[in-house]
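# Dropping a prediction and its sequence here:
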Amino acid sequence: MNISSDAEGTAQLPRVYCATLGCDKNLVDSEALLGRFALHGVQAVNDLDDADIWILNSCGFIDAARSDSEETLQTLIDYKEDQILVVCGCWSQESGDEIQEKFPGVDIVAGVGQFDRVVEACLGLSSPQEDNSGQGPDASAFPLAGKPIVSDPMAANYTGLVDRPLLTPGHLAFVKIGEGCNCNCTFCRIPMIRGRQMSRPIKELVQEVQGLVARGVTEIQLVSQNTSDFGRDTGENLLNLVQSLNEVQGLRNIRLLYLYSGLVSSDDLLRLLELEKVAPYLELPIQHASPHLLKAMKRPGGYKATPEFFKILRRHHPELVLRTTALLGFPGEEEEDVSILADFLAEVKFDHLGTYRYSPEKGTVAVNLPDQVPPEVIYDREALIMDLQSEISQRLQSSRLGKVYDVVVDKIIDPSDEAFADEVETLRSFDEAHWLQEANARSAWDMVENSQPVAVGRSFHYGYDLDGVVMLPASGSGRTLEAGQWLSAKFSAATSYDTWALPVGAAREVKDPK
């Protein structure tokens, strides 16, 4: 890309916009990619109209994700003028040639982990490893509308993870502790897209978190395809990692996501939960509870995820929040299997449940299994399970009313802001909430009618961008809340997903280990 000049002849570097689809791990990749652009003076912007380079970091996990990627890409193409348009990520890792053929408006197609090569292609830079001639970059190496920049996922170079800009609120960061997965679940393409397990060194992760804390981060959420497997390939382990992160000065909260109950014991989880900065919150995807389906899925240690496993955790930590996911419609699933799943959920009482519908994926074992379940049946089963979960979540949420918890403010929303419209539905839902005092039942919506700002945050009960939120009045009683602020708040109303709270004072002090 040529560097332009303004009216006074001053060089103007291009600016980059990145849209991220899919999971939080993909968000970290987008942050790393933007960080590599920043090394060359290319500024990231939040508005398409302000950018010269457009990036779509795509998702290709299941058919619905690929459809979303296609629709988003077509929208960008329809709007595009002379910008450089890049598609990268999981979808393009596997379907780069197809994308180029179907979407000729795309300039650069790249797979996973190709951050430096994408930057070099966009900016027309030479890579020392690929150009030692002194004559500039080889056009075949960094093409616009050339061959996709894709490698074997095991050879992908995920540069820029340690020092990257954040696309989350400034006090929170996702930390990706590994890449790929060693499991062979029969419905999943992740090992084909992202490769086998590749854990990052503990030393590097500690360095990353120390840098994040120095920039104002107080909470981290550890993510990977399989967090339980961390270090299995390097000789390190998850407990040692979290112990090391627990000692990082200034860090307040560590949240653990993507743990496999079949690959980690209750004793190990209890050791993790005993650490001062580890939130009493665990995400442990079960995918199902029917023994014959878990066997057909080849879920590692799926049989170990019994109700008793989760009860042991809660006996030691009564306020422990449990999150899980369930897959509906796997081939061979019958009504009896759905009943087994429903009974399991009713017994364990997970706080949060995410469901997704089976998608027949090319190259997986499950795509060739008999007794594929019709889509309309899957939708009905998913609705049944979510109705059950809504009742469970409502009871658990209501049990916390009147109690005081620490809350971090993620953002302040003013009714005059365009973004406020995104929060209206949540605020309206409190009209039907369970209130601690019925006299206050209108307070949430009254704030909107009176054009008062609202704080949107979370207690330990809610993972960022995963679960519900805690909403609070942003001002009043001589107090004005700010994004990133920790405070104590009394839970006053609850729906199945969200909580309304009232500030009562400062948050508890979290002491750093000596």
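Cool, got the structure. As the structure is a prediction and not an experimental result, all values here were calculated from the model.
# Torsion angles phi and psi at Val209?
phi -70, psi -40 (degrees, to the nearest 10).
# Can we start the residue count at 44 from this point?
New numbering, starting at 44: the last item is Val252.
# isn't it right next to Gly293, touching?
No: using Cβ atoms under 8 Å, Val252 is not in contact with Gly293, being 9.7 Å away. The C-beta positions use only the backbone N, C-alpha and C, and glycine is treated the same way.
# So for those two, which residue has more residues nearby?
Val252 (22 against 14; other Cβ atoms under 10 Å).
# Just give me the neighbour total for Gln480.
11.
# so what's it up against?
Ser535 (Cβ atoms under 8 Å, 6 or more residues apart in numbering).
# residues touching His331, list them.
His331 neighbours (Cβ under 8 Å, 6+ apart): Leu337, Met340, Arg342, Gly345, Ala369, Leu370, Phe373, Glu376, Asp380, Leu384.
# separation between it and Ala339?
9 Å (Cβ to Cβ, to the nearest Å).
# Give me the common contacts of the two.
Phe373.
# contacting residues for Leu479?
Leu479 neighbours (Cβ under 8 Å, 6+ apart): Leu444, Gly445, Phe534, Ser535, Ala536.
# Quick one: the helices in the stretch 444-557 of the chain, in order.
For the stretch 444-557 of the chain, applying DSSP state H, counting those that start in this stretch gives helices covering 464-472, 486-492.
# Let's see which of the contacts of Leu479 end up in strands.
Among those, the residues falling in strands (DSSP state E) are Phe534, Ser535, Ala536.
# Closest one of the residues you listed to Glu279?
Phe534 (38.7 Å; Cβ to Cβ).
# The closest one bridge partners, please.
Beta-bridge partners recorded for Phe534 (DSSP bridges): Ala544.
# For it, grab the count of nearby residues.
Phe534: 23 neighbours (other Cβ under 10 Å).
# per-residue confidence for it?
Looking at Phe534, its pLDDT reads 96.
# same deal with Ser170?
pLDDT, Ser170: 48.
# Next: Leu515.
92.
# where's the nearest residue to it once chain neighbours are set aside relative to His360, distance?
Nearest residue to Leu515 in three dimensions, chain neighbours excluded: Ala498, at 4.5 Å (Cβ to Cβ, 6 or more residues apart in numbering). Going from Ala498 to His360 by Cβ to Cβ gives 28 Å.
# Check the gap between Gly345 and Leu370 for me.
Counting by Cβ to Cβ, the gap from Gly345 to Leu370 is 11 Å.
# Between the two, which contacts overlap?
In contact with both Gly345 and Leu370: Gln330, His331, using Cβ under 8 Å, 6+ apart.
# more crowded one of these two?
Leu370 (24 against 21).
# The more buried one: what's it in contact with?
Leu370 neighbours (Cβ under 8 Å, 6+ apart): Phe230, Gln330, His331, Met340, Thr398, Tyr399, Arg400, Tyr401.
# 10 Å instead, please
228, 230-231, 328-331, 336, 340, 342, 376, 384, 398-402, 421, 425 (Cβ atoms under 10 Å, 6 or more residues apart in numbering).
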